[in-house]
Each structure stands twice: as structure tokens, then as C-alpha cells.
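Q: sharing a model prediction with you, sequence too.
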Amino acid sequence: MTTLKPLADRVVIKPSAAEEKTKGGIIVPDTAKEKPVWGEVLAAGPGRTTDEGKHIPMEVKVGDKVLYGKYSGTEITIDGEEMLIMRESDIFALMPKK
């Protein structure tokens, strides 16, 4: 990945792959695949600054697996890889560590 440094409270996320098959074994065509809502944080900004000048650090860090809104963020492509860039507030939850 090209070095990409998000600003403020933005994160770069690599979406997880869309499901190819259902649990019952039915192959899902490309047109019917749902957008993934899980992904991995590839880069995170330093955090945001409040109107009073106080720095609020990021809660997510590189390598975290996160749950985000289906239509959150802006889709970007760098070096042939599709990614999303979004604000930390668009992230709903962290996936538990195994």
C-alpha cells in the first residue's frame, strides 16, 4: 500500500471480502452481493481537536477489525486496492480480539 496518512479523525479501512456463498452453499452472483460492513484499519489520523483546542486521541488503531455503516465513507482505489476513508465516528464497533 502506498503510504497514506489520514488527517484529524479519519481512518483508512480495507473492507472484508464479500461472501461468495451462503451458509447453505448457494453461490451468490456479483450483482446480489451485499457491501461488506467489516474491515481492517490500515491507517488512522492523530485524532481531532475540539473548538476549545483540546486534542481527542483516536480510539481505533492500525490493525483493528471494525464494524461500520453499509454506506459509510468514501471509496478510494490506491495501487489497485479498494479502500474506504471515513471519520472515526462512522465506526460502530471493534471486533473482539481472538
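A: Received, thanks.

Q: residue 38 is in contact with residue 66, correct?
A: Yes: between residue 66 and residue 38 a contact is recorded at 7.1 Å, counting by Cβ atoms under 8 Å. C-beta: built from backbone N, CA, C; applies to glycine.

Q: quick check, pLDDT for the closest residue to residue 6 other than its chain neighbours.
A: Nearest residue to residue 6, sequence neighbours excluded (Cβ to Cβ, 6 or more residues apart in numbering): residue 45, at 4.2 Å. Residue 45 carries a pLDDT value of 94.

Q: for residue 45, give its distance to residue 17.
A: Distance of residue 45 to residue 17, computed by Cβ to Cβ, to the nearest Å: 26 Å.

Q: same question for residue 92.
A: 20 Å.

Q: and if you look at residue 85?
A: Residue 85 is 19 Å from residue 17, by Cβ to Cβ.

Q: ditto for residue 88
A: 23 Å.

Q: please say which of the two ends up with more neighbours.
A: residue 88 (20 against 9; other Cβ atoms under 10 Å).

Q: for the closest residue to that one other than its chain neighbours, which residues are in contact?
A: Leaving out its chain neighbours, the residue that sits closest to residue 88 by Cβ to Cβ, 6+ apart is residue 9, at 4.5 Å. Residues in contact with residue 9, defined by Cβ atoms under 8 Å, 6 or more residues apart in numbering, are 45, 47-48, 56, 58, 87-89.
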